[in-house]
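**Q** Here is a sequence with its predicted model. Questions after.
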Amino acid sequence: MTTVLLVDDEKLIQRSLEKTLLRAGYDVLTAPDCKTGSEVFAQNAAAVDIAVLDLNMPGFDGVPKNDAGLDLLADLKKKRANLPVVILTAYDEVNKARDAVSRGASAFFVKGREQGLVELIQKILNS
């Protein structure tokens with residue numbers, strides 16, 4: 001079973017993505033912020049196959065922060081350098097998303113087309 005770590009502070013988006021991933025046959029671990037995401041990863045590191053991180057969410061101090069997802073990306077990559085990571089972004093943040101890829105993310109995904117995310121995850125895991 002493939003396990004996805006999904007970290008997003010927007011409950012509706014998190015729930016929608018989680019349902020889509022579960023329907024696609026993935027096991028899903030969720031967290032609402034960087035600190036919790038890092039802890040969930042640490043507790044399940046052997047099981048997590050890929051991480052999907054929101055770009056903007058509460059950071060490690062619990063305060064909402066632009067680009068907090070990049071901090072969590074760096075944290076997860078320290079724990080497991082080869083972990084595939086997808087950064088979730090709003091449509092107007094493509095430059096930041098490219099920055100995320102230069103920092104080690106496998107890809108970025110603009111929120112809104114859940115099925116596209118499933119296809120992207122499959123592509124990354126099969127490559």
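**A** Now that the structure is in, tell me what you want to look at.

**Q** Select the helix or strand of the protein having the lowest average pLDDT value.
**A** In the chain, no helix or strand scores lower on mean pLDDT, DSSP states H and E than helix 94-102, which sits at a mean of 84.

**Q** Pull the residues that contact it.
**A** Here helix 94-102 makes contact (CB atoms under 8 Å, 6 or more residues apart in numbering) with 55, 67, 69-70, 73, 87, 89, 105, 107-108, 110. All C-beta spots, glycine's among them, are computed from the backbone N, C-alpha and C.

**Q** What's the separation between the most centrally placed residue in the chain and residue 61?
**A** Nearest to the geometric centre of the chain sits residue 52, at 1.6 Å (CA atoms, centre = their mean). As judged by CB to CB, to the nearest Å, residue 52 and residue 61 stand 22 Å apart.

**Q** likewise residue 96?
**A** Here the criterion is CB to CB. By it, residue 96 lies 20 Å from residue 61.

**Q** More neighbours: which of the two?
**A** Comparing residue 96 with residue 61 by other CB atoms under 10 Å, the one with more neighbours is residue 96, at 18 against 10.
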